[in-house]
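1. model this:
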Amino acid sequence: LTESAATITVAPSYSETATIIGDSFTEGNGATTQRVALARMVFAELGFGDYRISGSGGTGYMQANPGVRINGFDRWAADVTDTAPVLVISLFGQNDLSDGNDATIQTTLATKIDELSAAHPNCLIHIFNPPNISAPTVPAYYATLSTAIQNACAGKSRVWFHDISAVSFTKWDGTHPDAAGHVTLYKAIYNKIAAIHGLHTVA
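-> Predicted coordinates for the structure are as follows:
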């Protein structure tokens, strides 16, 4: 990944590192194979051959899966900052909805972003609100968390917040995307990033 002015040129590389952190959506639940899970399709479209997928079902920024998996903030250093990434995607929040932790998520996420930027000043950081299982309707509890995530990104250099709340996708269990839903979400996520950096888009 190289940058010239405001335009980024992406070519397949096995020496550059990108990271996505998230929950079961990022992990690939509902995809027929991991190859067609949304995270791998996003990185394939971007041209990355070296990347880390930190997807952990049942977790959120603060929500853990007790006795099984740790939350996103607790694995942020090892799975994001310490990987020395040139690109980071965060796709979290589904399991934090209605937990009453929106304010803490906002302040903690802002701190984590600052730490990442301090360690890797050239890193490009793309923060998404979670896929909205009620789309196109946006429930109030979703909107408040989304606002908190957006506020955590405000005023930060090389950090972009993306709203995918209006993206409807097909599901296999009422929550997680099926194979077609993964394609829908991959295109939405990739195109948001592409629009920032002047890359091709996918229809």
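
2. mind checking which helix or strand of this structure has the lowest mean pLDDT?
-> One helix or strand of the chain scores below all others by mean pLDDT, DSSP states H and E: strand 2-4, with a mean of 44.

3. what sits against Ala31?
-> The contact partners of Ala31, taken as C-beta atoms under 8 Å, 6 or more residues apart in numbering, are Ala37, Leu38, Pro177, Ala179, His182. Bear in mind the C-beta positions are built from the backbone N, C-alpha and C, glycine included.

4. out of those residues, who has the most neighbours?
-> Counting neighbours by other C-beta atoms under 10 Å, Leu38 leads the contacts of Ala31 with 31 neighbours.

5. I figured it hits Ser24, correct?
-> No - taking contact to mean C-beta atoms under 8 Å, the distance of 11.1 Å between Leu38 and Ser24 leaves them out of contact.

6. before we move on, back to that, nearest to Gln150, out of the contacts of Ala31: which one, please.
-> For Gln150, the closest of the contacts of Ala31 turns out to be Leu38, at 21.1 Å, with distances computed as C-beta to C-beta.

7. who touches the closest one in this structure?
-> Counting by C-beta under 8 Å, 6+ apart, Leu38 makes contact with Phe25, Thr26, Gly28, Ala31, Pro177, His182, Val183, Leu185, Tyr186, Ile189.

8. just checking, next helix/strand downstream of the helix or strand containing Leu116?
-> Using DSSP states H and E, Leu116 falls within helix 102-119. Remark: after helix 102-119, the chain's next helix or strand is strand 124-128, criterion DSSP H and E.
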